[in-house]
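Have a look; sequence and predicted model below, questions after that.
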Amino acid sequence: MNSTDIRTDIRTGARTDIRAALTDLLLTPGLDLDEAAERHFAPDYRQRTDGSWADRTEFLAHIAHLRTVVAGGSVEVHDELADGDRYADRHTMEVVKKDGSTVRMEVYLFAEFAPDGRFRRIEETTLMLEGSDGDRNLGSAR
């Protein structure tokens, strides 16, 4: 399966992907956080980032915090695979913070889809490519 097969809008009944999810969560000013989350994350969603687990509520608190810090950015997917209810990718997230500084992180991600095509679980490891020491926890800051 190639990446174009899985890059579809959840509202059409097809699967989401990390680029669509991160774009809606962090890079689409004016899009309500709950609406963005509903598009891409199942009600029982859980995420582990660099060894720390968060449930859906904790994850959304993290995203709400990031929305106060992030002014813009981009997501570049380097590798992406989907097979049945499993998804994996390697992507780089570049964030321009409201203070003008830039953070770039490479992310290695494994995920499980819920039957409706939204993410049920993501487990990821991050590698900071650019940013200050204080930015190292950006992937899990609340």
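Received, thanks.

quick one: secondary structure of Leu138?
With DSSP: H, G, I helix; E, B strand; the rest coil as the basis, Leu138 sits in coil.

Scan the protein for its longest strand.
When the chain is parsed with DSSP state E, its longest strand is strand 70-83.

Remind me what the helix or strand hosting Arg39 packs against, helices and strands.
Using DSSP states H and E, Arg39 maps to helix 33-40. Contact here means 3 or more Cβ pairs under 8 Å, 6 or more residues apart in numbering; DSSP states H and E; on that basis helix 33-40 packs against helix 18-26, helix 56-69. C-beta here means a position set from N, CA and C on the backbone, and glycine is covered the same way.

what residues does the first one touch?
Read it as helix 18-26. The contact list for helix 18-26 (Cβ atoms under 8 Å, 6 or more residues apart in numbering) reads 7, 9-10, 31, 33, 36-37, 39-41, 63, 66-67, 70, 73, 75, 77, 80, 87, 89, 91, 93, 95, 109, 111, 119.

The residues you listed, buried ones only, as a ChimeraX selection?
Only the buried members of the contacts of helix 18-26 enter the following ChimeraX selection, criterion being 16 or more other Cβ atoms under 10 Å:
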select :10,36,37,39,40,41,63,66,70,73,75,77,80,87,89,91,93,95,109,111,119
